[in-house]
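Undergrad: Below: sequence and its predicted model.
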Amino acid sequence: MADLLNSKLYPGFDLSFKQLNAVQKNEKGAVFIVDYSNMLWVREAITHLIKELDKDLEVEFVKPDDKQLSFAKKELGIDLPIEESKKTFGQGKRIIGVSSGKGGVGKSTSSAMLALAMTHEFGKKVGVMDADIWGYSIPKMLGAIFPPIPFEGRILPSYAHGVKVISMDYFVKNDEAVIWRGPMLHKAIEQFLYEVIWQDIDFLLIDMPPGTGDVSISLSQFLSISETLIITTPQKTSSDVAQRAGIMANKVKSEVIGVIENMSYLQTDKEKLFPFGEGGGKSLAENLETNFLGRVPLDPEVGRLADSGDLINSKKSMVYKAFVEIAESIIQTKPKKIPLNISIN
């Protein structure tokens, strides 16, 4: 029984029970689980998992000792102080800000779809940081319902369909508005970057708020290396505004790796319709001297799946297929590694 349980993932930790050395068994056959999370939902998930394997097995949770905590921290890659880990934060991963000039162009949906495509089609380990502090929506779209887990001064992100997620959504009530100015936003972004455990990922996608405000500036100060992906719609007014996000990225020396044109067309049984015009995305890419990564069709069903937290079920859609092609292009892109050295007056 203990051997069978060891092969399972410890809920919320993205490591197996064996990797965390979390299973102990006494001579009477009772199983003791090291309670690393001290959270009710994690204990309930573990109990359910054990009962599925053996409904008659007795389960008891025990508090980890200092040695076990040190072991777990090393396995999670957080055995160094945060200030030390900041120095190597960008190593081994690509950090991509998903930006737009205005809201309503599908930036968050694009972030979520890219994360799913990279994870499920190309086997990449992906995290999504929902930096849209006021308009957070990533957890709902991905169905990442379980909250992050505080652990030894750090935060284990939520986890859904293989994608790690952090968002302000987990830290405010549904009927509350986030009314913050620069310093508080700056601190929140710093915590999302460095206190959240992002060690074991290939890509960190950052869903940016629309525009070129405080969050964009804060990220440019924290990250020595980053990339930017611009989302627009075919309309000239949308692409003109999105160009400012690209200009902002260039000013803070974040490489603009490409443009995605979302809501490009509507495919009917007989024809392809262009309700928002044509050409805005390609024109924007030319103006920014970057790659035009592709057009994404408009599909109301994908919108409904996003609203219900079932975006994972969009895999048969043309929208998902478009993002698979775009994800492949991004993965194959070899970004220029430009260290930042700027000051904001």
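TA: Nice, thanks for sending it over.
Undergrad: Enumerate every residue touching the most centrally placed residue in the chain.
TA: The centre of the chain sits closest to residue 128, judged by CA atoms, centre = their mean, with a distance of 0.8 Å. Residues in contact with residue 128 (CB atoms under 8 Å, 6 or more residues apart in numbering) are 111-112, 115, 138, 142, 163-166, 204-207. For glycine as for every other residue, the C-beta is placed from the backbone atoms N, C-alpha and C.
Undergrad: Report the beta-bridge partner residues of residue 260.
TA: Beta-bridge pairing of residue 260 under DSSP bridges involves residue 231, residue 294.
Undergrad: what residues are up against the residue lying closest to residue 156 once chain neighbours are set aside?
TA: Closest residue to residue 156 apart from its sequence neighbours, by CB to CB, 6 or more residues apart in numbering: residue 149 at 4.1 Å. Residue 149 sits next to 12, 13, 37, 39, 42, 155, 156 when contact means CB under 8 Å, 6+ apart.
Undergrad: The residue nearest to the centre of the chain belongs to a strand, doesn't it?
TA: Yes. Assessed by DSSP: H, G, I helix; E, B strand; the rest coil, residue 128 belongs to a strand.
Undergrad: How confident was the prediction at it?
TA: Residue 128 is assigned a predicted lDDT (pLDDT) of 97.
Undergrad: Look up how far residue 41 lies from it.
TA: Distance of residue 128 to residue 41, given as CB to CB, to the nearest Å: 21 Å.
Undergrad: Could you report the separation of residue 165 from residue 261?
TA: Counting by CB to CB - residue 165 and residue 261 are separated by 26 Å.
Undergrad: From the neighbour counts alone, determine which of those two ranks first.
TA: residue 261 (31 against 28; other CB atoms under 10 Å).
Undergrad: Using the three-state scheme, assign the closest residue to the more buried one other than its chain neighbours.
TA: Nearest-residue entry for residue 261: residue 281, 2.6 Å, with adjacent residues in sequence omitted and distances by CB to CB, 6+ apart. Three-state call for residue 281 (three-state DSSP): helix.
Undergrad: can you pick the most crowded of the contacts of residue 149?
TA: Counting by other CB under 10 Å, top hit in the contacts of residue 149: residue 156 with 24 neighbours.
Undergrad: what bits of the stretch 101-250 of the chain have low per-residue confidence?
TA: 173-182, 211-216, 224-225 (pLDDT under 70).
Undergrad: Residue 244 contacts residue 102, doesn't it?
TA: No. Checked against CB atoms under 8 Å, the pair residue 244 and residue 102 is beyond contact range at 9.4 Å.
Undergrad: Compare these two and say which is more crowded by neighbours.
TA: Neighbour totals were compared for residue 244 and residue 102, and residue 102 leads with 18 against 15 (other CB under 10 Å).
Undergrad: For the more buried one, give me phi and psi.
TA: Main-chain dihedrals, residue 102, degrees, to the nearest 10: phi -140, psi 160.
Undergrad: same question, the one 5 residues further on
TA: With angles defined as degrees, to the nearest 10, residue 107 shows backbone torsions of phi -60, psi -50.
Undergrad: That one and residue 192, how far apart?
TA: 17 Å.
Undergrad: do the same with residue 167
TA: Taking CB to CB, one finds residue 167 at 8 Å from residue 192.
Undergrad: shared neighbours of those two, which are they?
TA: Joint contacts of residue 167 and residue 192 (CB under 8 Å, 6+ apart) are residue 129.
Undergrad: So which of these two has more stuff around it?
TA: residue 167 (25 against 22).
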